[in-house]
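>>> give the three-dimensional model of this entry:
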Amino acid sequence: MKRCCHLVACLLLSGVSAAALSATTLRLHPPDSQQLNFKALSAIVHEETGIRLEPDASYGDGDDPIASLQDESAQLAIIENARTFEPGIRTVLPLYESVVHLAARQGVSVDDFRGGERPLRVQLLHGSHTAGMVLDLLLERAEKLPDSYELWTAGDAGQPDLLFYLGPINPHNTAWFPDGFSLVPLSKFDAAGAEFYIDGISFLVPQLRSTRIPALTYSLPGNEVGIDALAVDMLLVAHKSTDDSLIYELTRVLLEQKPRFAAVEPALFRWMSADFDVGDLTFPLHRGSRQYFDRDEPGFLERYAETLNFLVYLAALLVTGVLAFGRWRARRRKDRIDDFYLRVLELRRGAGFDDPAKLLGELESIENEAFTALINERLAADDSFRIFTELAEGLRRELKTPIDAGRLTSPDQ
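Just a heads-up that it's a prediction; the model follows:
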């Protein structure tokens, strides 16, 4: 566990500014199965930052890393990408590739267990979820496997018949491999479905992909030839409440200092890359990681400059059109009122010659038409219209004078 804690310390602390985060304490749930040169990795961490790292207190109790993140006893962990989605968990970065190593006890044939007195004993080292998925695939597809099996754990009687180990391809890490076993490919138990494990697995389980352990990678029985296997990404994950700036700096340093980490542990850190498909992640990216990956993306104004220019141009045209239309409407209204002016003036020129009563009727007709237009055509009741009404009122007084005088001098009066 001590070695595991040092690895996570290297991964998490290398990207954080010592000046800004020297007083920060991070609780981490370390991986179970990695054996690396943590002393060298910790030296890089010490050079880059003075941050303190504390392992998750529940790690020693065998608690699940996702449960530790959800109950906030830890803020960060390294888990398999094949885990089921859980709310509140976010991906910081895919760190490296782990491979399902399958070992069988020498001299054991699975056919011996079909209908036998005891079931097939299977050991899933460190309780790997990915190894459990592969075991289920084998039992579902391979006709030679027995109908039943039992999970074997350290301390149980006897030995396991099959052993599944999930970890990076690392010839210097063979402590998990027991004596009397031999590495075997998945096709040993499902020869007819060998092509499925090579080409078709990703269609059934997108998080898994085929890989190959090259011949003589391990000085172990069975690796005299290449071994077809299945691989899964190991994710550095964080609780979504973990500070965005910390995750940003962590992501930055992991990627920008990759050559230093890879020089210390090439079997692991050479897999780190910013070129990965977010759609393949079980857990979405943390906001801090997303901010780092989007740092070089053009801003909103840069991305939509042409569109904004077009919209501004269109808005200018629209404003210009609205103003022109408004001026045209105003001019049209004025021309309409001017027409009433001319008609009233024409009546005024005939006031001394025509019948005043007839002219007064025509004036009232013009006024009615003008007020109707004011309502229906929305003529502006502005100064021009008021001048028109004053002109009409003056003419009315002129016409009523002779009419009233004629009434006073009439025989009836």
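
>>> can we go C-alpha only for contacts and neighbour counts from here?
Fine.

>>> pLDDT on stretch 371-383, on average?
For stretch 371-383, mean pLDDT rounds to 64.

>>> ugh, typo on my part, it should be stretch 66-74
86.

>>> now swap in stretch 239-259 and tell me
pLDDT averaged over stretch 239-259 gives 84.

>>> same thing with stretch 161-178?
In this model, stretch 161-178 carries a mean pLDDT of 89.

>>> got the buried residues for it?
By neighbour count with 16 or more other C-alpha atoms under 10 Å, stretch 161-178 contains the buried residues D161, L162, L163, F164, Y165, L166, G167, P168, I169, N170, F177.

>>> what's the following helix or strand after the longest helix along the chain?
Using DSSP state H to define each element, the chain has its longest helix at helix 305-349. For helix 305-349, the succeeding helix or strand toward the C-terminus, using DSSP states H and E, is helix 356-376.

>>> angle of that following helix against helix 305-349?
If you take axes from the mean of the first three to the mean of the last three C-alpha atoms, to 10 degrees, helix 356-376 sits at 170 degrees to helix 305-349.

>>> any idea how the chain splits into domains?
2-297, 305-409 (automatic domain parsing).

>>> just those: most buried one?
domain 2-297 (a mean of 18; mean count of other C-alpha atoms under 10 Å).

>>> and for P259, nearest residue in space, chain neighbours not counted?
R270 (7.9 Å; C-alpha to C-alpha, 6 or more residues apart in numbering).

>>> so that neighbour makes contact with A262?
Yes - counting by C-alpha atoms under 8 Å, R270 touches A262, with 5.2 Å between them.

>>> circling back to that earlier point, lowest-confidence stretch among the domains of the chain?
Lowest mean pLDDT within those: domain 305-409, at a mean of 72.

>>> tell me where this protein has strands.
25-29, 52-55, 76-80, 89-105, 120-124, 149-151, 162-167, 181-183, 209-213, 227-239 (DSSP state E).

>>> all helices of the stretch 151-300 of the chain, in order?
Listed in chain order, the helices of the stretch 151-300 of the chain (DSSP state H, counting those that start in this stretch) span 194-195, 201-204, 244-256, 258-264, 266-269, 287-293, 300-303.

>>> could I get those as JSON lines with distance to S365?
Putting the helices of the stretch 151-300 of the chain into JSON lines (distance: least, C-alpha to C-alpha, whole Å) gives the following:
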{"stretch": "helix 194-195", "distance to S365": "98"}
{"stretch": "helix 201-204", "distance to S365": "87"}
{"stretch": "helix 244-256", "distance to S365": "79"}
{"stretch": "helix 258-264", "distance to S365": "93"}
{"stretch": "helix 266-269", "distance to S365": "96"}
{"stretch": "helix 287-293", "distance to S365": "75"}
{"stretch": "helix 300-303", "distance to S365": "61"}
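
>>> report the distance from the longest helix of the chain to the chain centre.
A distance of 50 Å separates the centroid of the chain from that of helix 305-349, by C-alpha atoms, centre = their mean, to the nearest Å.

>>> send me stretch 129-145 as PDB with only the CA atoms.
What follows is stretch 129-145, C-alpha atoms only, in PDB (Å, rounded to 0.1, in the frame of the first residue of the first chain):
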ATOM      1  CA  HIS A 129     -14.400  -5.600 -12.300                       C
ATOM      2  CA  THR A 130     -12.900  -6.000 -15.800                       C
ATOM      3  CA  ALA A 131     -11.600  -9.400 -15.000                       C
ATOM      4  CA  GLY A 132     -15.000 -10.400 -13.800                       C
ATOM      5  CA  MET A 133     -16.500  -9.100 -17.100                       C
ATOM      6  CA  VAL A 134     -14.000 -11.300 -19.000                       C
ATOM      7  CA  LEU A 135     -14.800 -14.300 -16.900                       C
ATOM      8  CA  ASP A 136     -18.500 -13.800 -17.600                       C
ATOM      9  CA  LEU A 137     -17.800 -13.600 -21.300                       C
ATOM     10  CA  LEU A 138     -15.800 -16.800 -21.200                       C
ATOM     11  CA  LEU A 139     -18.500 -18.700 -19.300                       C
ATOM     12  CA  GLU A 140     -21.100 -17.500 -21.700                       C
ATOM     13  CA  ARG A 141     -19.200 -18.300 -24.900                       C
ATOM     14  CA  ALA A 142     -16.900 -21.200 -24.200                       C
ATOM     15  CA  GLU A 143     -18.500 -24.600 -24.400                       C
ATOM     16  CA  LYS A 144     -15.600 -26.400 -22.700                       C
ATOM     17  CA  LEU A 145     -16.000 -24.500 -19.500                       C
END
